[in-house]
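A.B. asks: predicted model follows, preceded by the sequence.
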Amino acid sequence: MALDDRERNFEDALARHLQANRSAQASAGTPASASHDNCPDAEILAAYHERLLDAEEMILRKEHIASCPRCQQVLVQLEATEEIGLEIDREEFAPRGAGGMPQTLQVHAARASASPVASAAVAGPSAPMEMPRRRSHRRWLVPAGALAAGLLVWIAIHDRIAPRTQVNLAKDQSQSAPEFSPRRREDWASIVYSSGTGGQPKGCVLTHENYLEQCAALTKMYPFWPGVRYLSILPTNHAVDFMVGFIGPFVCGATVVHLRTLRPEFVRDAFVRYRITYLALVPMVLKNLERGLRSKFDELSPTRRWILDRLIALNRVLTRHRPHVGISRLLLPQIHRAFGGSLKAMFVGGAFMEPSTLQFFYDLGVPVSNGYGLTEASTVLTLNDCKPFRADTVGKPLAGVELRILNPDGDNIGEVAARSKTVMSHYLNAPELTAETIVDGWLLTGDLGRFEPSGHLQLFGRKKNMIVTEGGKNIYPEDIENAFDGLAVKEYCIFATNFIWPKIGLGEEELVMAIRLEPGAEMTSMLEEELAARNRRLPDFKRLDGYFIVGKDFPRTASMKIKRIQLGEEIGKTVDRAAVVPL
């Protein structure tokens, strides 16, 4: 049965029930509660697994359900048989206590208020709770404000950490009141394991101060407020979404729209349906969005495509110094309506993002703010404020973040070091590694970069990936990979042959590209000619000596970074050096 039909049936049943209840109250000697005995809503609730697939009707009618004794009995029965499971929190439909809050949530809010992060959330303004009606979306448009702390802790501990009998005073009033321990800023907030691109993941101990300082710095550059709607398509355990899509909105009173799927049609629908303001995503998802838009552009007639290209070029000129979303929406209204008409910016991080993709969206008037950071620094150290837009950099340091370049070479490239209140406390159970990584208060990132005169940070790769030629030149594989941005392949990665096949003698070092083609594609002469042409444009000491095809997808971390060491080891075992095609 369609959701609209089920809602109409429910409306009819509810109307009959309320009419019967009013009639009972008007009848002398008939208690109002008697009309609940044959509650049609309760009958529908009892058929939950057939009629209330997403519990949407229950949520829409929760005020009635909370006041109806018969509905309460049915909910208890459903809960006992686990018909409801995690789809519905029983307390959302429980009778309200003081302040209109479910009695159990009052307990959780009190406990949450002992945490610095939660205290900031409680102080935030409230936003009305709304309910999406598509089954592809999670139940809530998550609000912040007065209930934020209670909801935050409720999600974390409900049926997982603390037994229900210890936190639910509504079920056992005879229990003694729980004891609350106030948290300090330097107390541990979480232990987050790094992706481990070059070895074993490490447990980064992050404090309440780390998260609060990070939140303050990010929202200073990109403000959140109760009118903001953030679209969450990344898992909340992802460091970027945990900060931008969880802590930030809760503290600032913004709204979060969660999706259960990354299917393009539902993502597009969410943009329009909820008029999304901000969105964070990883490079792979952004690349897919770019492909989708480019394919739509290619379907246009020659005349319409010519007009579109001219409008994009005009928008590029008008926004060359800073974004002007209002102008961009006037020039390219159809594109911006497809993004909901309210999108201010998208954030991308977690892995390298090709400058051409960032430029593509910026030219459409959709700024994509790329950033740079580490788990050890609570995710973000720099962020592009687009003033001016520099697609070849990772932006400027956030407020409160100090960066410096250690031991710069002739090109002013050296290791990036960071000092900030967002830097982790230590590595879990690894004091020696902590001492090697944090020296005199500076976090040694292991990343190589330099500062541009504008203050933007430009990255060149990992210190461990750097290759030194026999002529003493430093080569950064990630820097060379930028030159092949947009190559018509699924993925590629550059290695030194001595790393993959260590039999080659000193002075015979070569650079090769491992290529993974799109499924079903072949290496064509046109693709090889483009590869060779781009290679010729590189300085002599950076040029590739050849390429080879890899038959399976590259291993990646949870944040979609290529595991270079693992990939190199796999290639060394499965690919013979004779497979390299000279360029």
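C.D. replies: Received it, and whenever you're ready, just let me know what you need.
A.B. asks: wouldn't residue 376 be in contact with residue 204 here?
C.D. replies: Yes. Contact criterion C-beta atoms under 8 Å: residue 376 and residue 204 qualify, at 5.2 Å. C-beta: built from backbone N, CA, C; applies to glycine.
A.B. asks: who touches both of the two?
C.D. replies: 194, 424 (C-beta atoms under 8 Å, 6 or more residues apart in numbering).
A.B. asks: between the two, tell me which one has more neighbours.
C.D. replies: More crowded of residue 376 and residue 204, by other C-beta atoms under 10 Å: residue 376, with 28 against 25.
A.B. asks: state whether the more buried one is indeed within a helix.
C.D. replies: Yes. Checked against DSSP: H, G, I helix; E, B strand; the rest coil, residue 376 lies within a helix.
A.B. asks: oh, and call the first residue 17 from now on, that's how I've got it
C.D. replies: Renumbered: residue one is now 17, and that last one reads residue 392.
A.B. asks: for residue 337, grab the count of nearby residues.
C.D. replies: 10.
A.B. asks: just say helix, strand or coil for it.
C.D. replies: With three-state DSSP as the criterion, residue 337 reads coil.
A.B. asks: do residue 242 as well
C.D. replies: Going by three-state DSSP: residue 242 is coil.
A.B. asks: gap between it and residue 473?
C.D. replies: Shown here: residue 242 relative to residue 473, a distance of 33 Å by C-beta to C-beta, to the nearest Å.
A.B. asks: these two: who's more crowded?
C.D. replies: Taking residue 242 and residue 473 together and counting by other C-beta under 10 Å, residue 473 has the greater number of neighbours (23 against 17).
A.B. asks: any idea what that one is bridged to?
C.D. replies: residue 467 (DSSP bridges).
A.B. asks: quick check: it touching residue 465?
C.D. replies: Yes. At 5.4 Å, residue 473 counts as touching residue 465 under the criterion of C-beta under 8 Å.
A.B. asks: domain ranges for this protein?
C.D. replies: According to automatic domain parsing, the chain comprises the domains 17-111, 204-237+298-477, 482-598.
A.B. asks: dump the residue contacts of the residue lying closest to residue 418 once chain neighbours are set aside.
C.D. replies: Nearest residue to residue 418, sequence neighbours excluded (C-beta to C-beta, 6 or more residues apart in numbering): residue 435, at 4.4 Å. Residue 435 sits next to 417-418, 457-459 when contact means C-beta under 8 Å, 6+ apart.
A.B. asks: list the ones among the residues you listed that fall in strands.
C.D. replies: 418, 458-459 (DSSP state E).
A.B. asks: before we move on, back to that, so what's in contact with residue 473 and residue 465 at the same time?
C.D. replies: Joint contacts of residue 473 and residue 465 (C-beta under 8 Å, 6+ apart) are residue 432.
A.B. asks: mind checking the SS state of residue 258?
C.D. replies: helix.
A.B. asks: give me the neighbour count for it.
C.D. replies: Residue 258, neighbours per other C-beta under 10 Å, totals 19.
A.B. asks: next: residue 482.
C.D. replies: Around residue 482 there are 18 residues (other C-beta under 10 Å).
A.B. asks: if I look at it, how far off is residue 294?
C.D. replies: 36 Å.
A.B. asks: now residue 221
C.D. replies: From residue 221 across to residue 294, the span is 29 Å (C-beta to C-beta).
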